Every structure is written in C-alpha cells, then in structure tokens.
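Chemist: Predicted coordinates and the sequence they were generated for:
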Amino acid sequence: MQSSKTELSFSDEILLGIPKVLPPQRPRIQELNHAPKRKEILSREEKKLAIRNALRYFPSAWHSELSAEFAMELEKYGRIYMYRFKPGYKMHARPISEYPAKTVEGAAIMLMIQNNLDPVVAQHPEELITYGGNGAVFQNWAQYLLSMQYLATMTTEQTLHMYSGHPMGLFPSSREAPRVVITNGMMIPNYSSQDDWEKFNALGVTQYGQMTAGSYMYIGPQGIVHGTAITVMNAFRKVLPKSESPNGKIFLTAGLGGMSGAQPKAGNIAGCITVCAEVNEAAATKRYTQGWVDELHTTIDTLIARTKKAINKNEILSLAYVGNVVEVWERFYEEGLFIHLGSDQTSLHNPWAGGYYPAGLSFEEANIMMAENPELFKEKVQESLRRQVNAINKHSEKGTYFFDYGNAFLLEASRAGADVMSENNIDFRYPSYVQDILGPMCFDFGFGPFRWVCTSGNPEDLQKTDEIALIVMEKIRDTAPEEIQQQMQDNIKWINEAESNNLVVGSQARILYADAEGRIKIAEAFNKAVSSGKISAPIVLGRDHHDVSGTDSPFRETSNIYDGSQFTADMAIHNVIGDSFRGASWVSIHNGGGVGWGEVINGGFGMVLDGSEAASKRLKNMLFYDVNNGISRRSWARNKEALFAIKREMKRSPNLKVTLPNIVADKLLDGLFE
Ligand SMILES: NC(=O)c1ccc[n+]([C@@H]2O[C@H](COP(=O)([O-])OP(=O)(O)OC[C@H]3O[C@@H](n4cnc5c(N)ncnc54)[C@H](O)[C@@H]3O)[C@@H](O)[C@H]2O)c1
C-alpha cells in the first residue's frame, strides 16, 4: 500500500483512480482564479443529500472525515469540489505516448481532458471549470480520477458513458462504437428553472457543460479568435465602404475571459482599434501577459486619451480597460467618440452568479453581494443592463452598428426591461452576429470551426498540419464557386498567418473555418501524413459546438432560421446520434452552452486519426454527415445560401437525397387572412 501519492509515477497515479489511502487535506491554491461562491440553494435535508451523494465515491472508513470537509465546502463555496482529491501531478496535455492506455482513443481523450483543466487554459482550474464561468468538465475531483482510470483501462470493445461529469461506467460495445458518450445538463423539461439547475448541480447530479468544456474539445481562446476575426472583419465590411479599411476605427466591447479574451487579438487581425472593458483585474492581466491585448489601462481618462491618439494616428491597436463596460459606453458618448462597431461578451448566459458585473459596484463588492444578497444583486444587474442599453442606443442613433455576441445580452436586457425591442415588439432592435454575419456567410454554406490537436505535443507537427491544410484549401479555392470565394480567401489568409499570430495556449491545436469538402479533404490528408510518418503521432479532430449542425439555439446558432423551427432541437440530437454510428471516437450532447441552461441544445464530437484505413473511412462518412445535416435543415428552412450548398452537394454525392422546400409567393399568403 502506498503511503503518499506523490511517490507514484504519473501513469501509476492515473491507473490508481481513487487513491487507496486517504490523501491529506489540501488548501486551494490562492494564486489561481477561483469560481465565485454559488448562491445558497439547498434546504437542510437537501444538504444532507448532497453530502450523501458525494460520499458514495469513497469507502465508508473515510466518511466521517470527509463528511465534515464536504459540508464545509458546500457552505463556503456552494458546491462540493473535493479539492483534497486533486492529483499532485502537473495538469497539462502531455504527449500521447505518456498516457497509460489500451486504446489510442482513450489516451487521446485523457490528453484532451487534461488540456481542458490546464491552469493556462482553464478559467477556474481547481473547480474543474474550463470557460464561461460555469462550463465544467467534471463536478468534482473524484469524477476526474475515476474517469481517467476508466479511460486508461478501456478496451476497443467498451464504451464509457458520462453523465454530467459522472462516469457511469464502461459498457461492452464494439470497435466501431464511440469510446465515450457524454451528456451534460440534461433535465426533465418541467424541472428546468434557474433554481432547479442550481439545486441539482449543488446536489451533485448534473452540471453545465457549456459547449467544448464538457466535451473535452476546448483549445483555449484560439478556438474563438478565428470566428471572432471573421465576425469583426465582416461586420466592418457591412458598415464601411469597400475602399475604407478598419484602421483607426473603433470596436467597443467587454470581457477578457475564456472566449471573450479573443476579441482584442481578433480586432488586431481585422485591423481596427479594439477597446475592451474587463472588470476582473486578474482576467485582464492574464490576457495582457499572454500578449492577447496590447495595452492595459486602469483609469478611464488614460483610456480616452489613448483611444483619441489611436484614432488620430489611424492605428491598429487593442486596449483593455480594467473596469466596467457601462462606464466606457457612457464616457465615449460624452467625449463624442464615434464607435463603428459595438458588442458585448460578458457572460450573460449566467447573469446572477458572476457572469455580469453591474456598474456602480466594485468587483469585490459584487462578489459578496451575489452570494449574500442575491435578490439585491439581481436588481443591480438589471439596473446596470438598462443603463448600458441606454448608452448603446444613443451611440446607435449616431450610426454605431451594435450586434449581440451570442451571450444572451439582448435577451437578458429585454428581461431587465431595457429598451432593446424593435417596433413590432417581437424582434430585438439589434441583430445577433449569427443572423447578420456568421449564419448567412458561413453556417449556411457549411463553413464552421473545424479544429485539430497534434497529440505528439510537438510544434513541428502543428506547423506541418498548417502547411497541409493550406495546400488543400488553395486547391479547393481554385475551383470553388463565386458564392464561397470570400470565405475561402479569409480562411486561407487565416491559416497562412496562424503560426505567426502565436495562438497556441495549451495543446498544439489549430482552428480553421472550413466547409464539408474542406474538412474531409484536410482530414484525409492528415490521416495520410500520420500513416506515412510525416506527422509523428495521431491527430484529434473536432469542432466547436458553435457550428453548422451541432447546435440548436434560437438566439444564436439557429437565429437565422425563420420557419419557426429555431425553437426545436432535433438537429443537434440527430447530429450526435448520426455522428456516433458514423465513426466518431467520442460524442457529446449538452443542455446549455453559451447562452445558458435551457436556452440551447448543443453537441460535438472528437475523432482520432491514427493513420489507418479504418480512420480514413470513418472520417469521410462522419464529417460528411456532421456538416450536411445542418445544411439540409437550413435549406429546409428556405435559407438561400443553404439551398445553394445542399443542391451542389447532392450533385456531387449521389447517395445524398435531401427533401427540398417549395417556395410560396408572398402575395398568395397576403390575401389569405384578415
Ligand atoms: N467569442 C465568441 O465567439 C462567442 C460566441 C458566442 C458566445 N459567446 C459568449 O460570450 C460570453 C463570454 O464568454 P467567456 O468564455 O469569455 O466568459 P467569461 O466568463 O470567461 O468572460 C466574461 C468576462 O466578462 C467580464 N465582465 C462581466 N461583466 C462585466 C462588465 N459589466 N464590464 C466589464 N467586464 C465584465 C467578467 O469579469 C469575465 O472575465 C459567453 O456568454 C459566451 O457564451 C462568445
């Protein structure tokens, strides 16, 4: 029997799962960014149930000691994270060969999990939260330990089933089946109020998986830089005459957290002045020291002075303001500073527990109030949203193009009674970035955030994959139709400059917007390169859930669907089931992600390319469905671009037969009803 877990090798510690000897109690690491205390939600009886639930991971001999500790965690943090069981080894993606495993998929998935929990990648690493304030990989460290052990011992005849972070176990399956099936946050619809989610999460029976957090596919802010760069570039194309560049023009926004931290970098790529407010000094400093934002300003006066100078000199620059974004909107108006583009990426999908900090309170005051006086905190958030919208409206009257960034800003602002509705009182007065930009320009054609991770951990492999992807994309561009030339051009530019943009945080990963043809051809070329040894270890393919087919979300991914079906979730469910029997190595489906629990159903996949003939077959079959499922649904909703894309695909692929819509003349309908 081991006396201390630090004596074990990394492999041994993984294989051990829950340690045989109770590890010593350990305090939280102060320097790390910790999740805010969750609000008190459980009754006395429910608290007992939460402890009973937590203790089922451990032998009864430990219960007396652990029950007191878990009760303390529950009272102090609102959740039971089981800090004591966090392993002593460094948390980061290792080269795949260092993982003890019986399957290449098992090793790859462990690598991806560790990347999601790496302190340089994760937002609250000790609380197992990767991004978005509450996007969890696991609910507690016992789940982590058990899952890693299962992944290490799993064979190609087994599948691991994950229930909101809890590994239900390994079940017999087959070589062709996914190695892991993940669900997160699935609730019975009638038990789906904000308080229900808080309660069942505190009880330890469900979690908010966000999108790529709970599916182990997060690759740091790079994943979002590309999408944000495309969005900002195209937004400027919308508001500027063709001859004008975005240089010296302002993009004002908020948030330097997990995903929002990509905004300044994307603004620099698009070539504008980005002004980004961030109320949490630690988050702002992290992005600054990582080189994701050029300058940090702690007073609004220096921010204003620097912005004016940048405008005068037509600069490309990104400025972080450590403070509340409401102040910036208001002061810029008073100073007469014209904002070309405005948006917001505070975490309004999670408004009452640290996603949005109200103006007029310091960061610390807000953190105390949300835990101790949640009702008052809610009022402050809503008051602040009304103030923010008032200022935005004033700018918009002067010509600012404001768009919702898929963070539920307009939704929460409308719930707060802010003036965000258009005249018909049904639509918002501002578009979402998917309605105006990403939907018609990318998703409807099948372009979405395809990504890959080089499991060797070797930057040279990543370089080679960039080169391969570039060659494939250029070849496709040469014969691509006019309708998608701009997208091809933007994506070629992106992959060409990706390495010099220094985007890697954590694993050796790359993101690239590509359509079905691009994804399949790039993946096939990677698989060949692994097979020939040009690339030294398998490649993991995946994508953001924020994509063509993976996500049903009426105010975001599917907000440019107008046949009523934007409030249904069949597409995401079909996607995950469809991918699972077409060769995905793992699949996931989540209730909640981005815009909030109950607001979206989203799914994703991971696929390991090991250079084999079987992988080649799997990738063609699965990637084809993974993209075309969404295009077909978008074309059935009568989206012009999707109709073009699916008809083109049917010509190329005789086995694809999609039901196409007939279009009704408006004038026929106009006379039908009084
Ligand atoms: N980047 C994208 O492409 C994209 C796409 C869709 C949705 N989103 C949404 O954007 C939101 C942000 O995501 P994230 O991962 O960055 O979350 P996050 O919680 O890591 O970051 C949000 C940041 O906003 C800061 N903040 C909150 N209120 C503020 C205020 N009033 N003024 C200034 N700063 C404030 C917080 O301190 C936090 O650091 C989420 O709701 C996400 O779903 C982003």
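Modeler: Looks like it came in fine.

Chemist: How about the residues of the chain by the ligand?
Modeler: Contacts of the chain with the ligand, taken as C-beta under 6 Å from any ligand atom, map to 123, 131-133, 224, 227-228, 254-260, 262, 277-280, 283, 324-325, 345-349, 355-357, 405-407, 546, 594. All C-beta atoms are positioned from the backbone trio N, CA, C, and that covers glycine.

Chemist: tell me the secondary structure for the residue in the stretch 201-350 of the chain positioned nearest to the ligand?
Modeler: Nearest to the ligand in the stretch 201-350 of the chain, going by C-beta to the nearest ligand atom, is G257, at a distance of 2.0 Å. For G257, the assignment made with DSSP: H, G, I helix; E, B strand; the rest coil gives coil.

Chemist: How about it, nearest residue that isn't a chain neighbour?
Modeler: Closest residue in space to G257, ignoring its immediate chain neighbours: A283 at 5.4 Å, by C-beta to C-beta, 6 or more residues apart in numbering.

Chemist: Which pLDDT does the model give that neighbour?
Modeler: For A283, the model assigns a pLDDT of 93.

Chemist: same question, M1
Modeler: For M1, the model assigns a pLDDT of 38.

Chemist: what do you get for the one 10 residues further on?
Modeler: At S11, the predicted lDDT confidence score is 98.

Chemist: starting at the chain centroid, how far to whichever helix or strand it is part of?
Modeler: Element membership of S11 [criterion: DSSP states H and E] is helix 10-16. Computed by C-alpha atoms, centre = their mean, to the nearest Å, the separation of helix 10-16 from the middle of its chain amounts to 30 Å.

Chemist: longest single strand anywhere in the protein?
Modeler: Looking across the chain with DSSP state E, the single longest strand is strand 601-609.

Chemist: neighbouring strands for that strand, and are they parallel or not?
Modeler: Using DSSP bridges, strand 601-609 pairs in its sheet with strand 539-543 (antiparallel), strand 551-552 (antiparallel), strand 586-591 (antiparallel).

Chemist: ok, now which ones touch the residue nearest to G257?
Modeler: 33, 256-257, 261 (C-beta atoms under 8 Å, 6 or more residues apart in numbering).

Chemist: Next secondary structure after the host helix or strand of it?
Modeler: Per DSSP H and E, A283 falls inside helix 281-289. Following helix 281-289 in sequence order, the next helix or strand is strand 295-297 (DSSP H and E).

Chemist: Which residues does that following strand contact?
Modeler: Strand 295-297 is contacted from outside by 284-285, 288, 303, 306, 317-322, using C-beta under 8 Å, 6+ apart.

Chemist: Point out where the stretch 251-400 of the chain drops to low pLDDT.
Modeler: In the prediction, the stretch 251-400 of the chain carries no residues with pLDDT under 70.

Chemist: And the strands in it, which stretches?
Modeler: Secondary structure of the stretch 251-400 of the chain (DSSP state E, counting those that start in this stretch): strands at 273-278, 295-297, 317-322, 341-342.

Chemist: Could you identify which of those strands is most buried?
Modeler: Comparing those by mean neighbour count (mean count of other C-beta atoms under 10 Å), strand 273-278 comes out on top with a mean of 28.

Chemist: who touches A366 in this structure?
Modeler: Counting by C-beta under 8 Å, 6+ apart, A366 touches 279, 357-358, 377, 380.

Chemist: Widest-spaced pair of the residues you listed?
Modeler: V279 and F377 (14.2 Å; C-beta to C-beta).

Chemist: So, low pLDDT: which residues of the protein?
Modeler: Applying pLDDT under 70 to the chain flags residues 1-6.

Chemist: how about 50 then?
Modeler: Low-confidence segments of the chain, defined by pLDDT under 50: 1-5.

Chemist: So what does Y433 have for phi and psi?
Modeler: Here is the backbone geometry of Y433 (degrees, to the nearest 10): phi -60, psi -20.

Chemist: quick one on the thing from earlier: show me what the helix holding S11 is in contact with.
Modeler: With contacts defined as C-beta under 8 Å, 6+ apart, helix 10-16 is touched by 5, 8, 87-89, 94, 98-100, 110, 145, 148-149, 152-153.

Chemist: List only those of the residues you listed flagged as buried.
Modeler: Among those, those buried by neighbour count (16 or more other C-beta atoms under 10 Å) are 5, 8, 87, 94, 99-100, 110, 145, 148-149, 152-153.

Chemist: out of the residues you listed, which are inside helices?
Modeler: Using DSSP state H, the members of the buried ones among the contacts of helix 10-16 that fall in helices are 110, 145, 148-149, 152-153.

Chemist: Looking at these, which is nearest the ligand?
Modeler: If you rank those by distance to the ligand using C-beta to the nearest ligand atom, M110 comes first, at 23.8 Å.

Chemist: hang on, the earlier thing: now the contacts of A283 in JSON lines, with neighbour count?
Modeler: Formatted as JSON lines, the contacts of A283 follow (neighbours: other C-beta atoms under 10 Å):
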{"residue": "N33", "neighbour count": "17"}
{"residue": "L256", "neighbour count": "30"}
{"residue": "G257", "neighbour count": "24"}
{"residue": "G261", "neighbour count": "29"}
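
Chemist: Redo the contacts of strand 295-297 as TSV? Include distance to V434.
Modeler: Formatted as TSV, the contacts of strand 295-297 follow (distance: C-beta to C-beta, whole Å):
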residue	distance to V434
A284	27
T285	31
Y288	29
L303	30
R306	32
L317	28
S318	24
L319	27
A320	26
Y321	27
V322	30
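
Chemist: and which of these is nearest to G550?
Modeler: S318 (29.8 Å).

Chemist: Look up the closest residue to that closest one, ignoring the ones flanking it.
Modeler: In space, and not counting its chain neighbours, S318 is closest to P264: 3.3 Å by C-beta to C-beta, 6+ apart.

Chemist: Thanks a lot, see you next time.
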